[in-house]
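Chemist: Got a sequence here, can you build the structure:
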Amino acid sequence: MRKPLKILLINPEDIKRRKRMSEPTPFAGLAFLAAYAEKRFKNEIDTEIVEMLPQRYGIKDVVTRVLEAGTNVCGITAKTYNYPFSLAVAEEIKAASPKTLVIYGGAHATALPHEVARENAVDAVIRGEGELVFSDVIENLLSARHPFRGVKGVVFSDAGEVADNGNAELIRDIDIIPTPDWGKYYDLTLYDRYYDRFTGKHHLMLPVFASRGCPYGCQFCQPVLTRKHRTRSVGSVIDEVQYLHDRYGISRVYFEDSIFGIRKEWFMDFCARYMERGLNNLIGWGYETNVNNIDLERARAAREAGCVYVYFGMESASDTVLRHLGKRATKQKLASAIGTAKAAGIREVVGSFIFGLPYESSDTAEETIEFIRHSELDGVNINLLDVYPGTELYGMVESGQGGIRWIPGKKDQWDACGRTLVKTTVNDLDTEEKLEALYLKTLRIVHDRHRKSPYAYIRQILSHLLYYSIHNPEKLRRSMRHALAAYFPGWFRLN
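Modeler: Numbers count the residues shown, from 1 in each chain. Below is the predicted model:
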């Protein structure tokens, strides 16, 4: 009996730079690849996953793992912000083990497949959904065929030229992807716990996806899973939540779909069956959606079924900015969505905002700040604009549409992406300092809002101090630095 094909899937992160300090949940994309491939090939492959940040791996640790296992295939996922570092990982793997195939996937590789495939350390790129394509590559390897030729969805270097096999078909029935065995692939003790401000406790969270794709056309979004929205069956999602509770004892679920429950009939059926299973008394849940996809009937059904958290990507409270954004939203719709969720009794309603979008100005930014100041939101996420390849936004910056433009030297500076660094200016917000000042001003407002509930605010601070001083001191230090920068910008920098 031949030895199984050795596969190592890698989520790269430079722990020395600490651009990110933690991972709240295991990276789901790699787990789906592994689970589907092992279901299809069973004992013919042996798959492991490395997440460099929670495991505190450096590049040498990854290379050692590759050599010790006799790895045949390394799959590397790369977001835009960690792409430059991921290449350093790939180069070291290739230098130490030239026969190991290095295959890229993820958002950045999907956006720029030809550019990534030209890198000397990269054998191929899989763009978009990876499960079926990656498994087709494995099947070729197991059958002693060329791994990439003829496999749709693959871009690879062939005799010095880039060969593009075209796009793979989307997975229409996403129920075929099994629930990963999280404990097999990941050490779950290494991941930060989610803080529930109502119980004052930290909970284990595991990612659940009920759908793929998003039909909205936000300018800034890399649509890795396309604009085609596909939904799992309600029963399979309910079974997965039950499994996670029974196997891992989770008491919180966050549905990580780009947009959850866009089909009202599906959403209402989900809520009803979640209650029928009795899960509403065991597992609180949260989700992200567009402000157009909530009404009082849906919100009440969600709350009765145990929903404790809803997240809206609002981005701006200026109709001028929203009109050009692709979210089909208005300022009035933002306020209505918040009011509807609060009226239904959902405990935590959170909105996310971005400063520096096209058509932004100091006046539109102040509209957003005042909206945040007076809204009923329980939580606010604040971001400075990142510009990703493969997005409509990238072309807008190139042409100056909406008054947005690169700061000299910042174009394609991928490792500067992180939503707290200024890379573009827009209209009269024409310096880094002006945009950073907006960010810090809003950060102060957010902190001031939290302090209006002194007991909950103090409990959260004490809980974070205790938890992160033990589990993630670097995250604690950076969080404190951001808080201090909001009030003492002359003394503390964001990064």
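
Chemist: And the strands in the stretch 151-300 of the chain, which stretches?
Modeler: For the stretch 151-300 of the chain, the strands defined by DSSP state E, counting those that start in this stretch cover 154-158, 161-164, 194-196, 201-203, 207-208, 211-212, 230-231, 252-255, 284-289.

Chemist: Other residues contacting the second one?
Modeler: It stands for strand 161-164. 113-114, 117-118, 148-149, 155-157 (C-beta atoms under 8 Å, 6 or more residues apart in numbering). For glycine as for every other residue, the C-beta is placed from the backbone atoms N, C-alpha and C.

Chemist: Least reliable of the strands of the stretch 151-300 of the chain by average pLDDT, please.
Modeler: Averaged per stretch, pLDDT over the strands of the stretch 151-300 of the chain is lowest on strand 194-196, reaching a mean of 74.

Chemist: list the buried ones in stretch 371-388?
Modeler: The neighbour-count check on stretch 371-388 (16 or more other C-beta atoms under 10 Å) flags 371-372, 375, 377-378, 380, 382-388 as buried.

Chemist: now stretch 181-195
Modeler: 182, 185-186, 188, 190-192, 194.

Chemist: Any idea how far apart the tips of it sit?
Modeler: 24 Å (C-alpha to C-alpha, to the nearest Å).

Chemist: The strands of the stretch 151-300 of the chain: which one's closest to residue 24?
Modeler: Of all the strands of the stretch 151-300 of the chain, strand 194-196 sits nearest to residue 24, with 6.4 Å by C-beta to C-beta.

Chemist: who does that closest one pair up with?
Modeler: Sheet partners assigned to strand 194-196 using DSSP bridges are listed as strand 201-203 (antiparallel).

Chemist: ok, back up a step: can you name the two of the contacts of strand 161-164 that are farthest apart?
Modeler: The widest separation within those (C-beta to C-beta) is 17.9 Å, between 118 and 149.

Chemist: what about residue 276, how many residues close to it?
Modeler: Here the number of neighbours of residue 276 (other C-beta atoms under 10 Å) works out to 11.

Chemist: picking that back up, more neighbours, residue 118 and residue 149?
Modeler: residue 118 (15 against 12).

Chemist: In this structure that one contacts residue 156, no?
Modeler: No. Residue 118 lies out of contact with residue 156 (C-beta atoms under 8 Å); the separation is 10.3 Å.

Chemist: Reformat the contacts of strand 161-164 as JSON lines; add distance to residue 9.
Modeler: Shown next, in JSON lines, are these (distance: C-beta to C-beta, whole Å):
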{"residue": "113", "distance to residue 9": "19"}
{"residue": "114", "distance to residue 9": "23"}
{"residue": "117", "distance to residue 9": "19"}
{"residue": "118", "distance to residue 9": "23"}
{"residue": "148", "distance to residue 9": "18"}
{"residue": "149", "distance to residue 9": "23"}
{"residue": "155", "distance to residue 9": "19"}
{"residue": "156", "distance to residue 9": "18"}
{"residue": "157", "distance to residue 9": "21"}
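
Chemist: Are any of the residues you listed buried, and if so which?
Modeler: The buried subset of the contacts of strand 161-164 - by 16+ other C-beta under 10 Å - is 113, 117, 148, 155-157.

Chemist: helix/strand/coil for residue 50?
Modeler: strand (DSSP: H, G, I helix; E, B strand; the rest coil).

Chemist: Would you agree it is in contact with residue 62?
Modeler: Yes. If you go by C-beta under 8 Å, residue 50 and residue 62 touch, sitting 6.0 Å apart.

Chemist: any common contacting residues for those two?
Modeler: With C-beta under 8 Å, 6+ apart, residue 50 and residue 62 have common neighbours residue 10.

Chemist: Include distance to residue 418 when you put the strands of the stretch 151-300 of the chain into JSON lines, please.
Modeler: Shown next, in JSON lines, are the strands of the stretch 151-300 of the chain (distance: least, C-beta to C-beta, whole Å):
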{"stretch": "strand 154-158", "distance to residue 418": "27"}
{"stretch": "strand 161-164", "distance to residue 418": "30"}
{"stretch": "strand 194-196", "distance to residue 418": "21"}
{"stretch": "strand 201-203", "distance to residue 418": "24"}
{"stretch": "strand 207-208", "distance to residue 418": "21"}
{"stretch": "strand 211-212", "distance to residue 418": "25"}
{"stretch": "strand 230-231", "distance to residue 418": "30"}
{"stretch": "strand 252-255", "distance to residue 418": "21"}
{"stretch": "strand 284-289", "distance to residue 418": "20"}
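
Chemist: Figure out which of those is closest to residue 45.
Modeler: Short answer: strand 154-158, nearest of those by C-beta to C-beta, at 18.1 Å.
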